[in-house]
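> please find the sequence and the predicted model below.
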Amino acid sequence: MDVAAEYAEIWQFASQLEGHLTEVEDWDLGAGIYIEFLTLKSSFKDTSNVVEGLESLEERSSACGAFFERLKESQAMWKSKSSIEARAAYSKMADEISLLLLEETKAQALDVSAEMKMFDIVLDAPMPEDVRMCRLQGAVAAFAKLVSEEILV
């Protein structure tokens, strides 16, 4: 089964459960995270079908920051009960969304200070340290560019 089919299946199951979210304890920190992930992902990938409230990069970056916070809250809540696969899935979701956000910042040619804000959001994502260090290298490069622009002005 390919990844797109797996996402479609997860979306289908989570959407069916969403109608009962008031009956499901901690929905936002459980199945709701998967719906939020898929919604965010589609807001970056499918620009012809933009989700309301996620039209601009600023709105998407704010939603990404909120998503990363929910991921961390969920990890803290489920810590003792969470399987290795669940922790890996959360890390993968955080990494995928952070990559999409960074790709978007490069596509829109933002000024360096806005790019630094995006790195601040991305570096707050719950990811393994090796992945975080890769993102940090990008942030350092953007910071060096900011400093060099200030010196040249």
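Thanks, I have it.

> list the buried ones in stretch 87-100?
Residues 89-91, 93-95, 97-98, 100 are the ones in stretch 87-100 that count as buried (16 or more other Cβ atoms under 10 Å). Glycine gets a C-beta too; all of them are placed from N, C-alpha and C.

> next: stretch 115-125.
For stretch 115-125, burial by neighbour count (16+ other Cβ under 10 Å) applies to 115-116, 118-119, 121-122, 124-125.

> mind checking which of those residues are in helices?
115-116, 118-119, 121-122 (DSSP state H).

> just send the residues you listed back as CSV, with pLDDT and distance to Ala107 too.
Formatted as CSV, these follow (pLDDT from 0 to 100; distance: Cβ to Cβ, whole Å):
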residue, pLDDT, distance to Ala107
Glu115, 79, 12
Met116, 80, 17
Met118, 85, 12
Phe119, 85, 16
Ile121, 90, 16
Val122, 89, 15
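
> shaky segments in this protein?
1-8, 10-11, 13-31, 47-53, 82, 153 (pLDDT under 70).

> show me where it has its helices.
For the chain, the helices defined by DSSP H occupy 3-18, 31-45, 57-78, 84-107, 112-123, 129-152.

> quick one: list the elements packing against the last one.
Put plainly, it is helix 129-152. In this structure, helix 129-152 packs against helix 84-107, helix 112-123, with contacts taken as 3 or more Cβ pairs under 8 Å, 6 or more residues apart in numbering; DSSP states H and E.

> what angle sits between it and helix 84-107?
Put simply, helix 129-152 runs at 20 degrees to helix 84-107, going by axes from the mean of the first three to the mean of the last three Cα atoms, to 10 degrees.

> next, the buried residues of helix 129-152.
For helix 129-152, the neighbour count (16+ other Cβ under 10 Å) marks 131-132, 135, 138-139, 142 as buried.

> residues contacting that helix, please?
By Cβ atoms under 8 Å, 6 or more residues apart in numbering, the residues outside helix 129-152 that reach it are 91, 95, 98, 102, 112-113, 115-116, 119-120, 122-123, 125, 127.

> ok, these vs Glu69, which is closest?
Ala125 (9.6 Å; Cβ to Cβ).

> relative to Trp78, how far out is that closest one?
Applying Cβ to Cβ, to the nearest Å, the value for Ala125 to Trp78 is 17 Å.

> with Leu100 instead?
Applying Cβ to Cβ, the value for Leu100 to Trp78 is 24 Å.
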